[in-house]
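Trainee: Quick one, what's the 3D model for this:
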Amino acid sequence: MLLRVRVTLPDRPGTLGQVARTLGVAGADIVQVVVLERLGGRAVDDFTVVWPGAARVERLLAGLAAIPGVRVDGVWRAIGTPTTTGQDAELLAQIAANPADGVATLVDAVPGVLAADWAAAAVVPLDWASRGAGVATVGYASWRAPVPPRLPEVTPLRARSMAGPDGHHYAAAPFGRAGLVLVVARDHTEPLTAAAFHSSEVDRLAQLVRASAVILGDRLDLVGTPPVTTIT
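Mentor: Numbering: from 1, shown residues only. Okay, here's the model as predicted:
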C-alpha cells in the first residue's frame with residue numbers, strides 16, 4: 001500500500017539521507033519526496049512510500065524516532081499515485097471542458113491531489129454572519145466520504161486547516177459565492193495518524209477553488225439546489 005510519511009527534520013546535510021536510509025531499512029520503497037517547508041534551520045518533508053502491508057508501521061516509526069532531531073508528524077494512507085502542482089492545470093482544464101459537472105470533478109479529484117481521504121462541497125446559509133455561525137449542508141461529496149459526511153465548523157469563511165475532536169484533520173476553502181466551501185478530510189485510523197494540512201496544502205486548495213470559481217461562475221449558485229420536478 002502507499003503511505004504518506006511527514007517528518008520535520010534539521011535542515012542540514014546528511015539528515016535527509018539518514019531518513020531515506022531508515023525508510024529503506026524498515027522496508028519502505030520511496031516513490032516521491034516533497035519539501036513542504038524550509039525555515040529556521042528546520043524542514044518539513046513528505047515522503048510517499050510503497051509499504052508492505054504485512055509489516056508493522058511501529059517499526060518504521062521507531063527507526064525514524066531514533067534519528068537525532070527528527071520528528072514524525074504523521075503517517076497515513078495515500079490515495080492513488082502521488083501528484084504535484086503539474087496536475088492542477090490539467091484538473092482545471094477538465095473543469096473548463098465540462099462545467100456542468102465542474103464541482104463534482106473538483107470534489108472527486110482533490111483528495112488525490114492533497115493525499116486526503118474524501119472531500120465535500122458544503123453550502124453555508126448566506127446569513128451565517130448575522131447568526132454568528134452557519135450550519136453547513138452537503139451539496140456534493142466524493143465517493144469515499146462517510147454517509148453523512150462529517151463537516152467541521154467552516155465559518156467564518158476563509159481558507160484554513162482545522163482538527164476535529166476525533167483526531168480527523170480538515171482543510172477548507174470558500175468559493176466566494178453562494179456560501180459554497182470545499183472541505184477536504186484526512187481520517188484518523190489506528191494505528192496510522194494523519195498529519196494536519198500544511199499551510200502550503202491549504203494555499204494549493206485555495207488556489208484551485210478560486211480558479212474553479214472563475215471558470216464555473218453562475219453554475220456555483222446551483223450547487224445544493226433541489227432539482228425542479230415537472231409534473232405532467
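Trainee: mind checking pLDDT for Val57?
Mentor: Note on Val57: pLDDT of 86.
Trainee: neighbours of it, just the number please.
Mentor: 16 (other C-beta atoms under 10 Å). All C-beta spots, glycine's among them, are computed from the backbone N, C-alpha and C.
Trainee: With Gly17 instead?
Mentor: Here the count is done by other C-beta under 10 Å, and Gly17 has 9 residues near it.
Trainee: From Leu23, how far out is it?
Mentor: In this view, Gly17 and Leu23 are 11 Å apart by C-beta to C-beta, to the nearest Å.
Trainee: List the contacts of the spatially closest residue to Leu151 that is not a sequence neighbour.
Mentor: Excluding its sequence neighbours, the residue lying closest to Leu151 (C-beta to C-beta, 6 or more residues apart in numbering) is Ala136, at 5.1 Å. Ala136 makes contacts with Ala122, Val123, Val124, Leu151, Val154, Thr155, Val181, as judged by C-beta atoms under 8 Å, 6 or more residues apart in numbering.
Trainee: Does anything pack onto the top helix by length along the chain? Which helices or strands?
Mentor: With secondary structure taken from DSSP state H, the chain has its longest helix at helix 199-216. Packing partners of helix 199-216 (3 or more C-beta pairs under 8 Å, 6 or more residues apart in numbering; DSSP states H and E): strand 29-39, helix 86-97, helix 102-113, strand 160-163, strand 169-174, strand 180-186.
Trainee: Now mean pLDDT and distance to Leu61 too, for those, in CSV please.
Mentor: As requested, those are exported to CSV (pLDDT from 0 to 100; distance: least, C-beta to C-beta, whole Å):
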stretch, mean pLDDT, distance to Leu61
strand 29-39, 91, 16
helix 86-97, 92, 30
helix 102-113, 94, 24
strand 160-163, 94, 20
strand 169-174, 96, 18
strand 180-186, 95, 18
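Trainee: Tell me which of these lies nearest to Val214.
Mentor: Nearest of the helices and strands packed on helix 199-216 to Val214, taken as C-beta to C-beta: helix 86-97 at 9.4 Å.
Trainee: Provide the contact partners of that closest one at residue level.
Mentor: In contact with helix 86-97 (C-beta under 8 Å, 6+ apart) are residues Gly102, Thr105, Leu106, Ala109, Val113, Arg204, Gln207, Leu208, Ala211, Ser212, Ile215, Leu216.
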